[in-house]
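Peer 1: sequence first, then the predicted structure, then my questions.
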Amino acid sequence: MSQKNGQWSSKLGFILASAGAAIGLGAIWKLPYVTGQSGGGAFFLIFVLFTLLIGLPMLLSEYILGRGTQSEAVTAYKKVVPTKQGWAWVGRMGVLGCFLLLTFYSVVGGWIFVYSGLGVTGAVIDPAVNPSDLFANIIGTPWITLLGLGLFTLANVLVISLGVQNGIEKANKWMMPLLFLMFVVLVVRALTLDGAMEGVKFFLWPDFTHITGKALLEALGQSFFGLAVGFSCLVTYSSYLKKDVSLPNSAGSVVILTVLVSFFAGLAIFPVVFAYDLEPASGPGLLFMVLPTAFSQMPFGEIFLAMFLLLFLFATLTSSFSLYEIIVAAFIEKWQMSRSALTLLLGVVVFIAAIPSALSSSLLADVSIFGKTVFDATDFLVSNLMLPLGNLLIAIFIAYVVDKEFVKKELLIGSQMGQGYFRTYRLLMLIVVPIVISVVMLNMLLKF
């Protein structure tokens, strides 16, 4: 499979693509507002610990399956245990999960496309425009949401149709460094504001009095969402990886980059929020409604806001590339279609399937599924049910089904890590990871 779909031209290309898959809505949009709602520094510290102890082993597990079989998500499970073909449904669930995720992820991507365009013109922080009214108007106007959805879908189709090296890898090699560069500029600007240090203190000083059971579960879920593990996207990405690349080093680099971007996001946002006496626990509207208010009061605010929105767009696109790629890779051989034709077909199907979510705040606002809009119901199904289930099944599969020697060989090949590293990884996957994920799943089911 990897030969037909191509290979990464370098270890750096793979790391940037994997980091791009991880760094998206989770790191830049969701983490800041969840951190704000959960008391700040203590939540961020717990998120980092969960990312290292739970997220990193899960990331390694997907890498082991993909690089070890050189196959996309569905075929990988078939190859590694040929006598137990039922496990291929884990890969199929991942493909379905990625598709469902795209049906609402692309809607938010469309909003960001629209905001990026308005940000360049300065319309987002026009004194005559109320940010809350602007956001409500954008998501409540059918043609605007569908236009944004179409543009976001088209951008993905154009990149994915070019393949692994010429499309995904090249796009990430440009977009990820630019993303970090813009983050540095924004962080420097945020930290020079009067009152900024109060925001830094809120974000980094651990105050465990605000930590609840719900906050702990949110932190774990954020580590899954932040690393893009659970849907086997990175099984597919790692199937394009050469055998001489160290999986522990690659996974470690991706985790460091993801945590670093989450750190930058907090330093870019909370100093601004506190400098202008805004509410850090503003929820999902923090990016679209609260920050424009702050940037409008800042010298050259329109430039910094446009930069932030462009950064957000880049991060959202690099994540969606991985969602498209797992679906394309799963069907490209089965259907014997060219990559460009299959990607175009997928783009059309995703666009059509995403229309109900796109219209959830306008024409379909009265449509309810278990008391939720189509957008919110799809988000809940994917993020709170399918994602934890995917992680649990992968953890059980790699720890209790796959041959121990296969796992050990793939984990350590091309690496300078020794037996101690493998034993630590094995212990986490056998006991810690399944138990913690099971607790999260039980909590989600009880909520449901």
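Peer 2: Looks like it came in fine.

Peer 1: what packs against the strand or helix carrying residue 44?
Peer 2: Take DSSP states H and E as the rule and residue 44 turns out to sit in helix 41-50. Applying 3 or more CB pairs under 8 Å, 6 or more residues apart in numbering; DSSP states H and E, we find helix 41-50 packed against helix 31-37, helix 196-204, helix 213-227, helix 247-275. Using the backbone N, CA and C atoms, a C-beta is placed for each residue, glycine as well.

Peer 1: nearest to residue 85, of the ones you listed?
Peer 2: Nearest of those to residue 85, taken as CB to CB: helix 247-275 at 25.5 Å.

Peer 1: got the angle for the closest one vs helix 213-227?
Peer 2: For helix 247-275 against helix 213-227, the angle by axes from the mean of the first three to the mean of the last three CA atoms, to 10 degrees is 120 degrees.

Peer 1: burial measure for the nearest residue to residue 194 once chain neighbours are set aside, as a count.
Peer 2: With sequence-adjacent residues excluded and distances taken as CB to CB, 6 or more residues apart in numbering, residue 194 is closest to residue 275, at 6.1 Å. When neighbours are counted by other CB atoms under 10 Å, residue 275 registers 21.

Peer 1: now swap in the one 5 residues further on and tell me
Peer 2: Residue 280 has 20 neighbouring residues, counting by other CB under 10 Å.

Peer 1: check residue 366 too.
Peer 2: Using other CB under 10 Å, residue 366 has 7 neighbouring residues.

Peer 1: same thing with residue 128?
Peer 2: Around residue 128 there are 5 other residues, counting by other CB under 10 Å.

Peer 1: for it, give me its contacts.
Peer 2: For residue 128, the contact set (CB atoms under 8 Å, 6 or more residues apart in numbering) is empty.

Peer 1: equivalent analysis for residue 410, please.
Peer 2: Applying CB under 8 Å, 6+ apart, we find residue 410 in contact with 63-64, 67-68, 247.

Peer 1: buried residues in the helix or strand hosting it?
Peer 2: In this structure, residue 410 sits in helix 404-412 according to DSSP H and E. Neighbour-count burial for helix 404-412, counted by 16 or more other CB atoms under 10 Å, picks out 406-408, 410-412.

Peer 1: next, the buried residues of whichever helix or strand comes after it.
Peer 2: Note on helix 404-412: by DSSP H and E, the next helix or strand toward the C-terminus is helix 419-427. Neighbour-count burial for helix 419-427 flags 422, 425-426 (criterion: 16+ other CB under 10 Å).

Peer 1: now for the helix ranked longest in the chain, which elements pack on it?
Peer 2: Determined from DSSP state H, the single longest helix within the chain is helix 88-121. If you count contacts as 3+ CB pairs under 8 Å, 6+ apart, helix 88-121 packs onto helix 73-80, helix 131-140, helix 142-161, helix 233-238, helix 301-332, helix 339-358, helix 374-380, helix 387-396.

Peer 1: could you give me the average pLDDT of the fourth one?
Peer 2: Helix 233-238 shows a mean pLDDT of 84.

Peer 1: picking up where we left off before, mind putting the buried residues of helix 419-427 into CSV with pLDDT?
Peer 2: CSV is the format used below for the buried residues of helix 419-427 (pLDDT from 0 to 100):
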residue, pLDDT
422, 93
425, 95
426, 95
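
Peer 1: of the residues you listed, which is the nearest to residue 184?
Peer 2: residue 425 (33.0 Å).

Peer 1: list the contacts of the closest one.
Peer 2: 57, 60, 411.

Peer 1: now swap in residue 437 and tell me
Peer 2: Counting by CB under 8 Å, 6+ apart, the residues that residue 437 touches are 54, 220, 388, 391-392, 395.

Peer 1: the nearest residue to residue 346 once chain neighbours are set aside: neighbouring residues, count only.
Peer 2: Nearest residue to residue 346, sequence neighbours excluded (CB to CB, 6+ apart): residue 327, at 5.9 Å. Residue 327 is flanked by 25 other residues according to other CB under 10 Å.

Peer 1: give me the number of residues near residue 64?
Peer 2: Residues lying near residue 64 (other CB under 10 Å) number 26.

Peer 1: correct me if wrong: it contacts residue 407.
Peer 2: Yes: if you go by CB atoms under 8 Å, residue 64 and residue 407 touch, sitting 5.8 Å apart.

Peer 1: distance to residue 134 and mean pLDDT added to the helices and strands packed on helix 41-50, as a markdown table?
Peer 2: Output for these, formatted as a markdown table (distance: least, CB to CB, whole Å; pLDDT from 0 to 100):
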| stretch | distance to residue 134 | mean pLDDT |
| --- | --- | --- |
| helix 31-37 | 18 | 80 |
| helix 196-204 | 24 | 90 |
| helix 213-227 | 27 | 79 |
| helix 247-275 | 18 | 86 |
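
Peer 1: could you dump these to JSON lines with distance to residue 183?
Peer 2: Converted to JSON lines, the helices and strands packed on helix 41-50 look like this (distance: least, CB to CB, whole Å):
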{"stretch": "helix 31-37", "distance to residue 183": "13"}
{"stretch": "helix 196-204", "distance to residue 183": "15"}
{"stretch": "helix 213-227", "distance to residue 183": "15"}
{"stretch": "helix 247-275", "distance to residue 183": "4"}
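
Peer 1: could you tell me the end-to-end distance of stretch 292-303?
Peer 2: End-to-end distance of stretch 292-303 (CA to CA, to the nearest Å): 12 Å.

Peer 1: ok, and what's touching that stretch?
Peer 2: Residues from elsewhere that reach stretch 292-303, judged by CB under 8 Å, 6+ apart: 119, 122, 124-125, 127, 131, 134, 189, 193, 272-273, 275-276, 278, 304-305, 308.

Peer 1: can you give me the buried ones in it?
Peer 2: Across stretch 292-303, burial judged by 16+ other CB under 10 Å covers 292-296, 298, 301-303.

Peer 1: now pLDDT too, for these, in CSV please.
Peer 2: Output for those, formatted as CSV (pLDDT from 0 to 100):
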residue, pLDDT
292, 80
293, 73
294, 71
295, 75
296, 78
298, 73
301, 78
302, 81
303, 82
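
Peer 1: from those residues, which two are the most distant?
Peer 2: Longest distance between any two of the buried residues of stretch 292-303 is 16.5 Å, between 293 and 303; criterion CB to CB.

Peer 1: looking at the helices and strands packed on helix 88-121, which one is packed in the most?
Peer 2: The highest mean neighbour count among the helices and strands packed on helix 88-121, using mean count of other CB atoms under 10 Å, belongs to helix 233-238: a mean of 30.

Peer 1: output the below-cut-off pLDDT ranges for the protein.
Peer 2: Along the chain, the model assigns pLDDT under 70 to residues 1-26, 164-169, 172, 281-286, 290-291, 333, 443-445, 447-448.

Peer 1: do I have it right that residue 248 meets residue 417?
Peer 2: Yes: the pair residue 248 and residue 417 qualifies as a contact (CB under 8 Å) at a distance of 4.9 Å.

Peer 1: and for the two, which residues touch both?
Peer 2: Residues touching both residue 248 and residue 417 by CB under 8 Å, 6+ apart: residue 411.
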